[in-house]
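In: here are the coordinates; sequence isn't available:
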């Protein structure tokens, strides 16, 4: 293993000296926690704004009872004059509620009154407010409907056939983990991004600089050279993953999740287990990048190939987001999916079976070693020296 140590040291030293490789390795791990913090803070601010909102209403004088009820719900009312559709289209207003002139007449005749809520569906920042306005109008509608039935001696229960009572068995920590499903995706992404520059530079980069030939003419087995390069890339990949994990968790600790009805608390044991769960991915990511780097003729060419590889670890997160499924033991044997499941469960403080760690680790390492052996076989070819 001594030649492997020499190659490992050489690649690590080259990576430390290469500012481009260091920037590639640690830019994402350092920026992703900031992105997590600002994204969650923005969500909380939108929710807070929706709870303490001001509703511009056109024709408020036509429905004094409704206006009084809205004021009792801690909503500020603002009289609006002008063209509501144009104001919303020009982004002067986020929404405008229009009460028709015949509101009182149709109300007395027990007829349905159409109240318009003018909004811009392309604005994501106004959606919480629009949802709250619609919810308030539905609540007022149910209240008036129930009062009308009571006045006529009819119980409101006549039209209330069934009532759905939601019983959520998930803990606050588990609900928080579901809301923060993007954090495991960032951790997995970090393993693919942090070691990418070193893996590419030690294969396609050395071919481009003509430094690969002096290396392989040494009396060292080709697989030992590949092993050294693989371990060097894995080291940076694991380091980037660990930085991303720790900083993301630290960032979430600063976000006031209580305002969203969520509770986030994670202990040292969970953090260590998350590191153990994600570590095998560093070996897998580096082995895949080395293999692809062999086929590239230049550093830029390899980056275009491996850039597509970064999309692969996002697949489990995207699939679970749009089509959730119950976790089964055999799923831990699938690389990337198994790690994602472990990270989500650990983030939600769930009890993870030990067999899950075993399956996910073994499958990743076996697949990684297979790719390293394939790369070593390719290193035996003389064509590897030609551009």
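Out: Ah, there it is. All values reported here derive from a predicted model rather than from experimental measurement. Numbering: from 1, shown residues only.
In: Show the subsequent helix or strand relative to the one helix or strand residue 29 maps to.
Out: Element membership for residue 29, per DSSP states H and E: helix 19-51. Using DSSP H and E, the next helix or strand after helix 19-51 towards the C-terminus is strand 54-58.
In: Tell me the strands beside that following strand, with direction?
Out: strand 76-79 (parallel), strand 95-98 (parallel) (DSSP bridges).
In: Between those strands, which has the poorest mean confidence score?
Out: Between these, the lowest average pLDDT goes to strand 76-79, which shows a mean of 89.
In: Downstream of it, the next helix or strand is which one?
Out: Next in line after strand 76-79, if elements are assigned by DSSP H and E, sits helix 84-89.
In: Now do that next one: everything it contacts.
Out: 56, 58, 80, 93-96, 98, 116, 118-120 (C-beta atoms under 8 Å, 6 or more residues apart in numbering). All C-beta spots, glycine's among them, are computed from the backbone N, C-alpha and C.
In: ok, back up a step: which strands and helices lie in contact with the helix holding residue 29?
Out: Counting contacts by 3 or more C-beta pairs under 8 Å, 6 or more residues apart in numbering; DSSP states H and E, helix 19-51 is packed against helix 2-17, helix 127-151, helix 182-194, helix 196-200, helix 222-253.
In: Okay, domains of this structure per the record?
Out: Domain assignment for the chain, taken from automatic domain parsing, gives 2-43+172-385, 52-158.
In: quick one: contacts for residue 272?
Out: Here residue 272 is in contact with no residues (criterion: C-beta under 8 Å, 6+ apart).
In: Quickly find the element holding it.
Out: helix 268-295.
In: in that helix, what's buried?
Out: For helix 268-295, the neighbour count (16 or more other C-beta atoms under 10 Å) marks 270, 273-275, 277-294 as buried.
In: Looking at the domains of the chain, which is nearest to residue 166?
Out: domain 2-43+172-385 (12.5 Å; C-beta to C-beta).
In: Starting from residue 191, give me the distance back to residue 359.
Out: 18 Å (C-beta to C-beta, to the nearest Å).
In: Which one of the two is surrounded by more residues?
Out: In this view residue 359 and residue 191 are compared by other C-beta atoms under 10 Å, and residue 191 has more residues nearby, 29 against 19.
In: wait, the more buried one sits on residue 241?
Out: Yes - contact criterion C-beta atoms under 8 Å: residue 191 and residue 241 qualify, at 4.5 Å.
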